[in-house]
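> Model the structure of this input:
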Amino acid sequence: MQTRDNCPLQRRYILCPVDMSAFSEAALEKKLSELSNSQQSVQTLSLWLIHHRKHSKTIVNVWFNELKKAQVSRKLTFLYLANDVIQNSKKKGPEFTQDFAPVIVDAFKHVHREGEEGCKKQLGRVLSIWQERGVYENNVLNQLSQIINEEKKPKKRTYEDIHPDDEDFASQSSPAEPPQTADLIRALQELENAASSDSVLRQRISSLPAEVQDTSLLHRITDKETGERLSRLVEEACMLLADYSGRLAAEIDDRRQLTRTLTTFLQSQKDGLAQNEQKLEEYKRKLAQVTQVRKELRSRINNLP
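Numbering: from 1, shown residues only. So this is what the prediction gives:
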C-alpha cells in the first residue's frame, strides 16, 4: 500500500489503496463492468487508467464501446470517469485529452440520447468545467453545448412507465393530476445519496492542510520546489471544493423541487379530503332517505291484505 508521500494523486486519499496491476483489455473491461457511481469507485479506476496512460488509445476505445453497452443508469458514470481521467492526467501528459477528443462528442450525444431522464443538468456541469478550464477547443465545446441544448426525443414507454415530469409538479393545480406517490418515493430515495450525506468527502475536505486555506502561512515557502508542491495541493483542493460545491448546489435545487412537489401533493390530499367529506355527508343523507323508504315500504307491505 502506498503512503501519502508516494501517492501519485494526493488529492484523492490519505492512503492510496489502488491496484496497479498489469494492463489488458480484459482487465479494463472487468473494471468498467464493476464501476459504480460512487466517487471512490470513479477515482480509484481513474488512478489505474492514468497509471497505464501509455495504453490511452486502447483505453479510450474500450471505454467508448463499454459506454454504449452500459445500462442506462450507469452511462453518466462513464462520463464522470472520463472527466476525472482528463482532468487529472494533464500533469502527466496530454495523451488522454487528445485521445478522448475524437469520441467525446459522440459520447455526449449517446449519453444525452440514451441516458436517464434528467441527465442534462449533469452533462452541463461537466461541460462548464471543461469550458472554464479550456480543456478542449471552442469548436468541440460548442458541439457539446449544442448537444446538451437539443430537445431530447422522448423514448417509447409502457403504460406503467408513464408519470408526470418532476418539473411539471410545481405548475399542477388540478386535484385530478396530483404528483404520483411513486415519484415522491423516488425523489426521497435519490436524496439518500446526496452530497450532504457524503461523510467520506467531508472528511477529506476537513483534512486539507492548513497551508491551502490560510494565506498568512505562505511565508513558510522558502524555495521554488516547496512553492510548486503547495501550488499543486491548492489546485487539487480547488477542484475538490468546486466539485463538492456544485454537488451541494444541485442538491439544494433537488430539495427545493421536492419541497414544491410535496406542497402540491399535500394540497391535492387536502382537496381530496374536502371532496370526500362532502361526498360522505351526501351519501349519509341518501342512506337516511333509502332507510326511511325501506321502513315505510315494510310497514305498507305488512298492512296489505
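
> what's the helix or strand for Q257?
Using DSSP states H and E, Q257 falls within helix 224-303.

> Now do that helix, average pLDDT.
Mean pLDDT, helix 224-303: 85.

> chain center to it: distance?
Centre-to-centre, helix 224-303 and its host chain are 22 Å apart (C-alpha atoms, centre = their mean, to the nearest Å).

> With adjacent residues omitted, what lies nearest to N37?
With C-beta to C-beta, 6 or more residues apart in numbering as the criterion, N37 has its nearest non-adjacent residue at 4.5 Å, and that residue is T77. For the C-beta atoms, the positions are set from N, CA and C on the backbone; glycine is no exception.

> from memory the one you found sits against L45, does it?
No - checked against C-beta atoms under 8 Å, the pair T77 and L45 is beyond contact range at 9.9 Å.

> if I look at the two, which residues touch both of them?
L35 (C-beta atoms under 8 Å, 6 or more residues apart in numbering).

> who touches the residue most central in space within the chain in this structure?
Nearest to the mean C-alpha position of the chain, by C-alpha atoms, centre = their mean, lies Q122 at 6.3 Å. Counting by C-beta under 8 Å, 6+ apart, Q122 makes contact with L76.

> same check, this time on P209
Contacts for P209 (C-beta under 8 Å, 6+ apart) come out as L233.

> Kindly list the main-chain dihedrals of it?
With angles defined as degrees, to the nearest 10, P209 sits at phi -60, psi 150.

> Tell me the pLDDT of it.
P209 is assigned 83 on the pLDDT scale.

> for the residue lying closest to L218 once chain neighbours are set aside, what are its contacts?
Nearest residue to L218, sequence neighbours excluded (C-beta to C-beta, 6+ apart): E211, at 7.7 Å. Residues counted as contacts of E211 (C-beta under 8 Å, 6+ apart) are L217, L218, R220, L230, L233.

> what's the neighbour count on L79?
A count of neighbours around L79, defined by other C-beta atoms under 10 Å, yields 21.

> my bad, Q71
8.

> Repeat that for the one 5 residues further on.
Neighbour count for L76, taken as other C-beta under 10 Å: 21.

> ranges for the helices of the protein?
Ranges of helices within the chain are 25-33, 39-51, 56-69, 75-89, 95-114, 120-133, 138-149, 181-190, 199-206, 224-303, based on DSSP state H.

> most packed of these?
Neighbour counts averaged per stretch over these are highest for helix 75-89, at a mean of 22; criterion: mean count of other C-beta atoms under 10 Å.

> Could you list every helix and strand in contact with that one?
Here helix 75-89 touches helix 39-51, helix 56-69, helix 95-114, helix 120-133, going by 3 or more C-beta pairs under 8 Å, 6 or more residues apart in numbering; DSSP states H and E.
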